[in-house]
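Undergrad: Generate a structure from the sequence data that follows.
(chains A and B)
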Number of protein chains: 2
Amino acid sequence: MRETDLIDRIRRLAGHSPLIRGIGDDCAILRPRLNEDLVFTSDFALEGRHFTLKTHTAADIGHLALARSLSDIAAMGAEPVFCMVSLAMPRNFAVQRFFKSLLTLAREYEMTLAGGDLSRFDKVVADVICCGRVPRGKAMLRSSAKPGDLIYVTGKLGKPRHRPQPRVAAGLTLRRLGVKAAMDLSDGLSLDLARLCRESNAGAELSFIPIARGVTLDQALHGGEDYELLFTASPKLKIPKSLATEIGRITRFRKILLDGRPLAPKGFDHFA
Amino acid sequence: MRETDLIDRIRRLAGHSPLIRGIGDDCAILRPRLNEDLVFTSDFALEGRHFTLKTHTAADIGHLALARSLSDIAAMGAEPVFCMVSLAMPRNFAVQRFFKSLLTLAREYEMTLAGGDLSRFDKVVADVICCGRVPRGKAMLRSSAKPGDLIYVTGKLGKPRHRPQPRVAAGLTLRRLGVKAAMDLSDGLSLDLARLCRESNAGAELSFIPIARGVTLDQALHGGEDYELLFTASPKLKIPKSLATEIGRITRFRKILLDGRPLAPKGFDHFA
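TA: Numbering: from 1, shown residues only, chains lettered A, B, ... in the order given. I've put the predicted structure just below:
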């Protein structure tokens, strides 16, 4: 198939667009609404790093690639607007299955595919950019945690999922409840919490960890790929128990303790 | 070096930001201005496809990766705002030289680095996303060419440049002059003109090709990596000769002719 034929097929799959201009020009064009901030993230899904062709089908990879990026949109409390997909792949890769699966997930969030780049390569490499919108000044930040805030996580930790469901709805609910500080758990609670504390010039005391069935405490603390949300909120804010579990408290001391003992940030380091 | 240390160094290099929030959170945050449209593009630079480590240093690759993406911003007549860089690379890759060079080019356009993704990989893969701004409704489009328009290109064609200079200033000037239809030449004039004509439901008659020194007519017609701008304008519009060369005319017949003979779109197909 020629590149233009493939782009035509993807364009037909991409469906209705909130953009002024989507696939088919040098750039996509977005007309921002009044009083909104736009948030942007990009995430790799790399063969041999985030998946293998033995464990993941092209459809799994399409889902995973978008889910990784959407999880960052969820962490800001933003509503997804569009994604761009850069995909490099060998000749025998089922590229249409990749896009069908990615677009099935995109459609759940009424998000459009705005463009990207396609190339032949000897490995499968996807880079997915997501754009989300949030009312002006309301994005949840890593740097907004305050001493005295309670710390929460959605879901249970330690079990990487084959087709993770990004917590977009939970993120929107939390932002509307008034939560100011959040991030997504992609590299393990211990490392990600250390990042949140660092950006907020704070520390944390953990007292309870919701562990997924069949995994160890160590996996729940340091395993990656949870795609759950980690957030903090003033004790005055009512966080429904069905939404998240309270796991500890933000402190003014720049260390992280679990049951009174230091917790080393042992999560997944992409450079290790 | 750990990932957080590397991100800190890149963050210091990224400099002053027009963003509400740049590197350091799950997403970058942009507050749009009134009455502007935002344009977005993403482009791969892949080892063995767009460059090799024998012919390109890390600094060359950093420049090339951003230039490829900026060229699309130029084609819309947009002003660059920010870029995001996803970079996967082997352990011995000079990642700081890559970023220094990329950011030197970014600074020429007062553009900031807003984020991205970093990962180890066995090959060098960069995906650069650029965002630009343009007054509402004023972006130059591939689909705006009209029969009777004159066709122009900036510069001379056929000679791939090691460190291409994207035509951002020319794009801004053309948009301000009132040019409505443009695209960048990255895959060869014959293929790219066919794309512009297709999006505009039109054809073209070419009469003159500005050929770079030392290359053949075939290279000027079908070679890629020019990073010049192809655009069309009503004969009423005065296009300064110093800015671009007139090469032909848009027609209502959906074919492309050079000196009266059909010109096949033989440019670079990423899927060939």
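
Undergrad: which residues does residue A:104 contact?
TA: Taking CB atoms under 8 Å, 6 or more residues apart in numbering or on different chains, we find residue A:104 in contact with residue A:63. C-beta here means a position set from N, CA and C on the backbone, and glycine is covered the same way.

Undergrad: distance of it from residue A:12?
TA: 15 Å (CB to CB, to the nearest Å).

Undergrad: Over to residue A:87?
TA: 17 Å.

Undergrad: out of those two, which sits in the more crowded spot?
TA: Counting neighbours by other CB atoms under 10 Å in any protein chain shown for residue A:87 and for residue A:12 shows that residue A:87 has the greater number, 26 against 9.

Undergrad: Now the more buried one: closest residue in space that isn't a chain neighbour?
TA: Excluding the flanking residues, the one nearest residue A:87 by CB to CB, 6 or more residues apart in numbering or on different chains is residue A:126, at 5.1 Å.

Undergrad: and the one you found, that one's in a helix?
TA: No. Going by DSSP: H, G, I helix; E, B strand; the rest coil, the assignment for residue A:126 is strand, not a helix.

Undergrad: Hmm, residue A:202 and residue A:252 touching each other?
TA: Yes. In this structure residue A:252 lies within contact range of residue A:202 using CB atoms under 8 Å: 6.4 Å.

Undergrad: out of those two, which sits in the more crowded spot?
TA: residue A:202 (23 against 10).

Undergrad: if I look at the more buried one, how far off is chain B?
TA: Plainly put, residue A:202 is 15 Å away from chain B if you go by CB to the nearest CB, to the nearest Å.

Undergrad: picking that back up, the residue nearest to residue A:87 - how many residues pack around it?
TA: By other CB under 10 Å, neighbour count at residue A:126 equals 28.

Undergrad: cool, and residue A:110?
TA: Around residue A:110 there are 12 other residues, counting by other CB under 10 Å.

Undergrad: so where is the stretch 101-250 of chain A shaky, pLDDT-wise?
TA: The stretch 101-250 of chain A contains no residues with pLDDT under 70.

Undergrad: Do a quick rundown of the strands in it.
TA: A:112-120, A:125-135, A:150-153, A:181-185, A:203-206, A:228-233, A:245-251 (DSSP state E, counting those that start in this stretch).

Undergrad: Nearest to residue B:62, out of those?
TA: Residue B:62 sits nearest to strand A:125-135 of all the strands of the stretch 101-250 of chain A, at 16.4 Å, using CB to CB.

Undergrad: Now do the shared contacts for residue A:252 and residue A:202.
TA: With CB under 8 Å, 6+ apart as the test, residue A:252 and residue A:202 both reach residue A:147.

Undergrad: measure the residue most central in space within chain A to residue A:238 for me?
TA: The residue lying closest to the centre of chain A (CA atoms, centre = their mean) is residue A:71, at 1.7 Å. Per CB to CB, residue A:71 is found 25 Å from residue A:238.

Undergrad: Show me which residues of the stretch 101-250 of chain A are close to chain B?
TA: Contact residues, the stretch 101-250 of chain A versus chain B (CB under 8 Å from any CB of the partner chain): A:114-123, A:125, A:127, A:129, A:131-132, A:136, A:139, A:141-143, A:183-184, A:195, A:199.

Undergrad: For ChimeraX, write the selection for the buried entries among these.
TA: Burial among those is assessed by 16 or more other CB atoms under 10 Å in any protein chain shown; the matching ChimeraX selection reads:
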select /A:114,115,116,117,118,119,120,121,122,123,125,127,129,131,132,139,141,142,143,183,184,195,199
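
Undergrad: most residues in a single helix of chain A, which one?
TA: helix A:58-75 (DSSP state H).

Undergrad: Which one of the residues in the stretch 101-250 of chain A is closest to chain B?
TA: Evaluated by CB to the nearest CB, the stretch 101-250 of chain A has residue A:127 as its residue closest to chain B, separated by 3.9 Å.

Undergrad: That residue touches residue B:117, doesn't it?
TA: Yes. Residue A:127 is within contact range of residue B:117, at 7.2 Å (criterion: CB under 8 Å).

Undergrad: overlap in contacts of the two?
TA: Common neighbours of residue A:127 and residue B:117 (CB under 8 Å, 6+ apart) are A:42, A:43, A:44, B:86.

Undergrad: show me the contacts for residue A:180.
TA: A:140, A:141, A:144, A:145, A:232, A:233.

Undergrad: how many other residues sit next to the residue lying closest to the last one once chain neighbours are set aside?
TA: Think residue A:233. Nearest residue to residue A:233, sequence neighbours excluded (CB to CB, 6+ apart): residue A:179, at 5.1 Å. Look at residue A:179: counted by other CB under 10 Å, it has 24 neighbours.

Undergrad: quick one, what contacts residue A:179?
TA: Per CB under 8 Å, 6+ apart, neighbours of residue A:179: A:77, A:140, A:231, A:232, A:233, A:237, A:239.

Undergrad: I'd like to know how many residues surround residue A:55.
TA: 9.
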